[in-house]
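K.L.:
Predicted model and sequence follow; I will ask about them next.
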Amino acid sequence: MPNKRILLVEDNEGDRFAIKRMFKKKSLPYDLSIAVNVTKAIDQINAQEFDLVLVDHGLPDGTGLDVQKAAGDIPCIYITGATNVAVAIEAMKAGAVDFLVKDFEQSFLEFLPLSITSALQHKLNVEKRLQAETALKESEEKFSKAFLNLPDAITISTLAEEKIIEINEGFERIFGFSRKEAIGKTTVELNIWKNIEERNNFTAILKRKEVVRDMEAELGSKSGEVYSCLLSADIINLHGTPHLLTIVKNISHQKNTENELKLAKQEAEKANIAKSEFLANISHEIRTPMNAILGFSELLSKKNSDPTINDYLETIRTSGNTLLSLINDILDLSKIEAGKMSIQYDYINIRLMLTEVKDMFKLRAKEKDIEFILYLDPHMPEQVYIDEIRVRQVLINLVGNAVKFTHKGYIKLTVHPENLRSEISHGKQKEYIDMVVEVEDTGIGIPKDIQKKIFEPFTSGKESITKEYGGTGLGLAISRKLLDLMNGEISLKSEPGKRTIFTVVFKKILISHEKIKTVEEESKQYSEIRFKGAKVIIVDDVDSNRRLLISALKDYNLDLYEASDGAQALRMAHAVSPDLIITDIRMPVMSGYKLLEEIRKTEKLAKIPVIAATASVMEESLKKIKGYNFNGFLKKPFKLNDLFITLSQFLPYETIEKPSEAIIEPTEGKEYHVHAETIDKLVNEYMIAWKQLQDLPDMEEVMSFAITIKTLGDNEQVQILSDYGEMLISAVNNFNIEKIIQTLQEYPSLVDTIKKSF
């Protein structure tokens, strides 16, 4: 901190020397400047700042009063040899802080440091006081501006009498009282409080906490209009007396908006409930006949031995399952909008699914004379852990759009892995990839202005394009929402008139290198189950559903009873004491829920397992069913294998193991007269063709291979070759993908069989 600056105005050289010597001897922390007359003193005062002036009264060109006048607010100490009291009075009146008389012994020098210190402290106190006054003035100005200009109503009132002493313009504007009308009155006298309980509550809070924050109250204006308000209050001190500062915010507009939003929300919720009920009914009504279609086709395939008819039945089942998936997609749109969509993860064979997607669109592509290219990276793992239905839905949408908007060139569906990594989870090492799917086409492309909003609902391009190609514009929007749920991303690159590429990335997908069981392999596990005698009541108001279950179970050592509603089933249960009940949920007379309640509260029947079989699969319905604690649950349409698995959990059974049927007949006891040239073709030329079919086979190439094998068998009179070719041709004609893959896998065994018999 710099030293204080002191100006000494003294014309006597001896006195100047004595004062400077005293400063030096006592090591006073001041910077001393010298002026010998009034003129030079004034020049220095104007040129620089001083904290104190030591001035002699009698100077050659004036007096100390002239210097003091020029110094202004700078404190002055007079040092003079005059003993005239009038001089001292005159100096002190002019504002001098001290007056020292120079004596002959110069003893005044002993008092000078004390006088200087006192004068500087006096100056400091003055400065602080001025600063405080300035700050107070500024604060008052700010408060005054805020008080007057705030849009909220503000009052200052005495704490004891509650008399208003000041209001702002906001108070006048909101409540309609002028300053003259409000000053000296209480808010009660102005009839502002409309609810005495609210006023009492306000007073109680203030008394308890000495502060009120955002209390809601109904307050009235001079005109009688009532407002919804938020009140805040603080106790402040004015001139040593406690006062109350109250701020009132008018929130009537916000409250009205909130009420409107609440009403709108209630209406939206009603509409959403109505929509959900409609979708639930549609879902139930569609799934009921689908249960019979899929169930009877599966039942027929198990009882029929004609391979051609079984292929037809498999086509019915495959088409039915595809239709069911589409129905599920439509119903799931409601779940997406409601935020209730759930993802069902499982290991799937991505190779098989891609082949099915290609086969779904290959005929349309061929009709338009465009090439459909399918490429699966050889490094893709055998299994990926993902929701097959949702991935299929996304692919069908993207490929379907590509086919729709492409008139020449090609469509290319590519899948490859990226970012393979391993992690330890729950003590086990697991492998993950990012699965990248690209759908590229050489179609009409997407304009840049449409690309930005293509993933928004009901956006399908320009009006002319929509009229020509049709479409709802929901597909890509649904796909993006599904991908969000599966931790996936979708992006787009397009050149209008040239090409479009949609890229989908499924991030951190769990993988497995194990081979997945086919549907046929899984169904064999329960194909020969036999129950050890049991009584089962089947309850359903739809006759076809009852007949399906009776047809499926009649050969499995069960006594079967049927009822068309819960009341009939309850009477039957009392009569026959069944071992198990399979019941629908939605039925006339008595529902499945009520039937379960009656069963559970009857001591004789309480322990009977009750299985719910329902076409009501909406989220709310499933939660309600689970809440009733049925022993088991079958979702229509269900596979017969699922039916047997469920029943086996409650009924005693045994399994009769039977050897699996091989596609290739056993060689024992048979001889094949095959030429060496034929075997050479099978081992070399045809084996090369077979290997090319292992990676996502094209159906036309498979058909060509099948015809070649059958023709060879017919020409060489080798029945096993003819049968193999015929079986493969039948599978291709019926689009039985799993049968095609299974049959192709048997080709090396077929060749070995023929070689052994040579």
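P.N.:
Nice, I can see it.
K.L.:
Going along the chain, name the helices of the stretch 51-200 of the chain.
P.N.:
Secondary structure of the stretch 51-200 of the chain (DSSP state H, counting those that start in this stretch): helices at 64-71, 85-93, 108-149, 169-175, 179-182, 196-209.
K.L.:
Which stretch among the ones you listed is buried most, on average?
P.N.:
helix 64-71 (a mean of 21; mean count of other CB atoms under 10 Å). C-beta here means a position set from N, CA and C on the backbone, and glycine is covered the same way.
K.L.:
Kindly reformat the helices of the stretch 51-200 of the chain as JSON lines containing distance to L300 and mean pLDDT.
P.N.:
Formatted as JSON lines, the helices of the stretch 51-200 of the chain follow (distance: least, CB to CB, whole Å; pLDDT from 0 to 100):
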{"stretch": "helix 64-71", "distance to L300": "120", "mean pLDDT": "89"}
{"stretch": "helix 85-93", "distance to L300": "127", "mean pLDDT": "75"}
{"stretch": "helix 108-149", "distance to L300": "86", "mean pLDDT": "73"}
{"stretch": "helix 169-175", "distance to L300": "81", "mean pLDDT": "90"}
{"stretch": "helix 179-182", "distance to L300": "92", "mean pLDDT": "92"}
{"stretch": "helix 196-209", "distance to L300": "76", "mean pLDDT": "92"}
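K.L.:
which parts of the strand or helix carrying R547 are buried?
P.N.:
According to DSSP states H and E, R547 maps onto helix 543-553. Applying a neighbour-count criterion of 16 or more other CB atoms under 10 Å, the buried positions in helix 543-553 are 545-549, 551-553.
K.L.:
Give the other helices and strands that that helix contacts.
P.N.:
helix 252-303, strand 534-539, strand 558-563, helix 640-648 (3 or more CB pairs under 8 Å, 6 or more residues apart in numbering; DSSP states H and E).
K.L.:
which residues are contacting that helix?
P.N.:
288-289, 291-292, 295-296, 299, 536, 538, 540, 560, 562, 564, 582, 584, 613, 636, 640, 643, 647 (CB atoms under 8 Å, 6 or more residues apart in numbering).
K.L.:
Quick check: closest non-adjacent residue to L510.
P.N.:
Spatially, and ignoring its direct neighbours in sequence, L510 is nearest to Y385 (3.8 Å; CB to CB, 6 or more residues apart in numbering).
K.L.:
List the residues that contact that neighbour.
P.N.:
Y385 neighbours (CB under 8 Å, 6+ apart): 345-348, 509-512.
K.L.:
Mark which of those residues are part of helices, please.
P.N.:
Using DSSP state H, no member of the contacts of Y385 sits in helices.
K.L.:
what's the closest of these to E172?
P.N.:
Y345 (66.1 Å; CB to CB).
K.L.:
The closest one contacts I389, doesn't it?
P.N.:
No. Look at Y345 against I389 with CB atoms under 8 Å: they stay out of range, at 10.9 Å.
K.L.:
Neighbour count: the two, which is higher?
P.N.:
Using other CB atoms under 10 Å as the criterion, Y345 and I389 rank with I389 on top: 17 against 14.
K.L.:
which sections of the stretch 551-700 of the chain are below the confidence cut-off?
P.N.:
615-623, 656-673, 694-698 (pLDDT under 70).
K.L.:
thinking again about what came up before, in TSV: the helices of the stretch 51-200 of the chain, plus distance to G443.
P.N.:
Listed next are the helices of the stretch 51-200 of the chain as TSV, based on distance: least, CB to CB, whole Å:
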stretch	distance to G443
helix 64-71	93
helix 85-93	103
helix 108-149	64
helix 169-175	64
helix 179-182	75
helix 196-209	68
